[in-house]
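**Student:** model this:
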Amino acid sequence: MHALKTANNSVWEPKTIRQIEIFSDKKEKLVLESFRLPNGEEVDTIVSYVTPYVVVIPIIDKKRIMLRERYAMGVRSTVYSFISGFMEKNENIYDTAKRILLNKIGLKNKNLIYLTSIYENANTSRNPYHVFIADITSQDFENKRIIKYQINEKILDINTLLSDTILDKFKSSATIGIIPFVLNYYQNMRKITNYTLI
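**Tutor:** Purely as a prediction, here's the structure:
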């Protein structure tokens with residue numbers, strides 16, 4: 001709830017009296033929050049808290065990019081997406097990126113670099129996507145762990161990302177919105193000599 005201007009032009013900041021979680025799953029939490037108005041009346045409102053999404057994009061030997069390939073029933077065709085997962089309790093976005101890299105790709109933390117944060121739909125969504133690049137080598141990729149969660153990997157030359165045949169396979173607006181950031185990073189990658197882990 002936002003600050004309100006009262007009748008005498010003073011600014012009233014809402015103060016939460018109580019919070020009761022009424023629903024929670026991996027993607028969203030609904031909380032009943034109670035506020036006290038300037039006249040003393042209590043108001044209840046339901047607030048939705050969306051769990052942040054973390055995307056990890058492996059770039060192999062500074063020239064190839066790893067995507068996830070799957071068959072989408074909705075469009076009845078093969079689609080590509082970036083490898084991602086939801087944050088868990090007591091994690092920051094960097095911890096989540098490390099967990100995704102290990103559990104979904106089978107790689108331990110290798111030059112994991114924060115790239116950007118975007119929203120799935122800037123007008124209607126509050127679902128943030130925090131994006132990381134995993135700068136890895138062919139050797140890292142060959143020695144990766146065997147993991148239970150097996151994804152179908154698609155390895156592409158990074159220069160083909162903007163081709164019509166590849167773009168047509170990205171069905172998510174959030175995924176397409178990440179591509180310019182990836183290409184900008186790729187163009188500057190050879191200038192980067194020191195990686196900073198956040």
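**Student:** going forward, measure contacts and count neighbours with C-alpha atoms only.
**Tutor:** Will do.
**Student:** Okay, helices next: where are they in the protein?
**Tutor:** Using DSSP state H, the helices of the chain run over residues 93-100, 138-142, 164-167, 173-188.
**Student:** Columns mean pLDDT, mean neighbour count and distance to Ile17 on top of the ones you listed, output as a markdown table?
**Tutor:** Compiled in a markdown table, the helices of the chain are given as follows (pLDDT from 0 to 100; neighbours: other Cα atoms under 10 Å; distance: least, Cα to Cα, whole Å):
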| stretch | mean pLDDT | mean neighbour count | distance to Ile17 |
| --- | --- | --- | --- |
| helix 93-100 | 92 | 21 | 29 |
| helix 138-142 | 85 | 13 | 52 |
| helix 164-167 | 86 | 12 | 48 |
| helix 173-188 | 83 | 15 | 36 |
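**Student:** Tyr114 is nearest to which of the ones you listed?
**Tutor:** helix 93-100 (8.0 Å; Cα to Cα).
**Student:** re earlier: reformat the helices of the chain as JSON lines; add distance to Thr116.
**Tutor:** JSON lines is the format used below for the helices of the chain (distance: least, Cα to Cα, whole Å):
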{"stretch": "helix 93-100", "distance to Thr116": "11"}
{"stretch": "helix 138-142", "distance to Thr116": "24"}
{"stretch": "helix 164-167", "distance to Thr116": "20"}
{"stretch": "helix 173-188", "distance to Thr116": "7"}
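**Student:** what are the bridge partners for Ser24, then?
**Tutor:** Judged by DSSP bridges, the bridge partners of Ser24 are Lys29.
**Student:** Does it touch Val47 like I think?
**Tutor:** No. The criterion here is Cα atoms under 8 Å, and Ser24 misses it with Val47 at 11.8 Å.
**Student:** list the residues that contact both of those two?
**Tutor:** Residues touching both Ser24 and Val47 (Cα atoms under 8 Å, 6 or more residues apart in numbering) are Leu30.
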